[in-house]
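S.K.: coords below, sequence missing:
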């Protein structure tokens with residue numbers, strides 16, 4: 001592997017949230033948030049740790065946090081595992097980033113908008129075919145805006161299915177980078193002509209990492225792979241358990257109709273299991 005995997009939080013932070021990442025992050029955010037319009041001229045990358053103002057309130061750890069043009073705060077999280085309660089965590093982090101802007105006694109008018117950009121390596125919205133989805137507060141029936149002070153933007157990488165040749169726009173190229181960079185051996189020529197993308201590939205090149213960084217990356221990838229396998233196993237066991245329960249229900253219905261041997265052949269249950277139902 002020539003390039004590290006941007007889908008791991010370690011690599012994502014290194015590529016988009018390091019001191020050298022300013023131009024990379026500007027290009028990426030303009031492509032994803034503003035349809036490639038150069039709305040962001042400058043930004044400041046901040047410490048992604050969101051310290052609570054009140055003792056006892058839960059801490060928040062983000063992958064990247066920045067203040068962009070217009071004093072908007074953008075918080076970014078790369079998520080590979082579809083863990084329980086993740087959708088609520090997104091909302092919690094956005095609300096906290098919005099609320100911690102004020103000090104004691106400061107006026108609410110000083111609050112600036114927050115954009116929570118969440119990139120997932122799984123589908124969050126199966127009934128929505130869009131790769132990039134945007135959510136904000138609206139009236140339920142008329143869909144009129146309440147405020148755009150908190151905006152949630154989701155990028156679902158499994159829904160991006162374009163090839164390198166089909167990735168013509170800057171947005172497509174950044175999505176392709178996120179999804180496939182670790183499978184490439186060289187920087188694709190169409191991306192090498194874009195300074196920010198060329199710089200992103202330079203940071204992502206494994207030979208540039210220290211031994212400690214490589215070890216941290218390897219441990220993170222092993223953890224993700226083990227977690228994904230655990231999720232697959234749980235789903236498989238749940239499916240098998242469901243099939244077992246269905247077979248038992250069918251067997252109960254057939255007890256007064258067929259003999260035990262025939263029920264066993266029809267349901268796949270053992271004779272002993274069927275006898276236990278009588």
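M.R.: Here it is on my side, so go on. Quantities reported herein were computed from a predicted structural model and do not represent experimental measurements.
S.K.: the strands in this structure, which residues?
M.R.: Secondary structure of the chain (DSSP state E): strands at 43-46, 49-50, 60-61, 64-68, 72-79, 114-120, 132-138, 145-156.
S.K.: any chance of a markdown table for those, columns mean neighbour count, distance to residue 31 and mean pLDDT?
M.R.: Any C-beta I mention is one placed from the backbone N, CA and C, and that applies to glycine too. A markdown table is the format used below for the strands of the chain (neighbours: other CB atoms under 10 Å; distance: least, CB to CB, whole Å; pLDDT from 0 to 100):
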| stretch | mean neighbour count | distance to residue 31 | mean pLDDT |
| --- | --- | --- | --- |
| strand 43-46 | 16 | 14 | 91 |
| strand 49-50 | 16 | 25 | 60 |
| strand 60-61 | 16 | 25 | 60 |
| strand 64-68 | 21 | 13 | 94 |
| strand 72-79 | 23 | 13 | 94 |
| strand 114-120 | 23 | 11 | 96 |
| strand 132-138 | 14 | 10 | 95 |
| strand 145-156 | 16 | 11 | 94 |
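S.K.: closest to residue 20 out of the ones you listed?
M.R.: With CB to CB as the measure, strand 43-46 is the member of those nearest residue 20 (10.0 Å).
S.K.: helices or strands up against the closest one?
M.R.: The elements that strand 43-46 packs onto, with contact taken as 3 or more CB pairs under 8 Å, 6 or more residues apart in numbering; DSSP states H and E, are helix 22-33, strand 64-68.
S.K.: any idea which of the ones you listed scores lowest on pLDDT?
M.R.: Note on the helices and strands packed on strand 43-46: strand 64-68 shows the lowest mean pLDDT, a mean of 94.
S.K.: next, the angle from it to strand 114-120.
M.R.: 140 degrees (axes from the mean of the first three to the mean of the last three CA atoms, to 10 degrees).
S.K.: got the strands of the chain as JSON lines, with distance to residue 181 columns?
M.R.: Rendered in JSON lines, the data for the strands of the chain read as follows (distance: least, CB to CB, whole Å):
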{"stretch": "strand 43-46", "distance to residue 181": "20"}
{"stretch": "strand 49-50", "distance to residue 181": "26"}
{"stretch": "strand 60-61", "distance to residue 181": "24"}
{"stretch": "strand 64-68", "distance to residue 181": "17"}
{"stretch": "strand 72-79", "distance to residue 181": "13"}
{"stretch": "strand 114-120", "distance to residue 181": "13"}
{"stretch": "strand 132-138", "distance to residue 181": "19"}
{"stretch": "strand 145-156", "distance to residue 181": "15"}
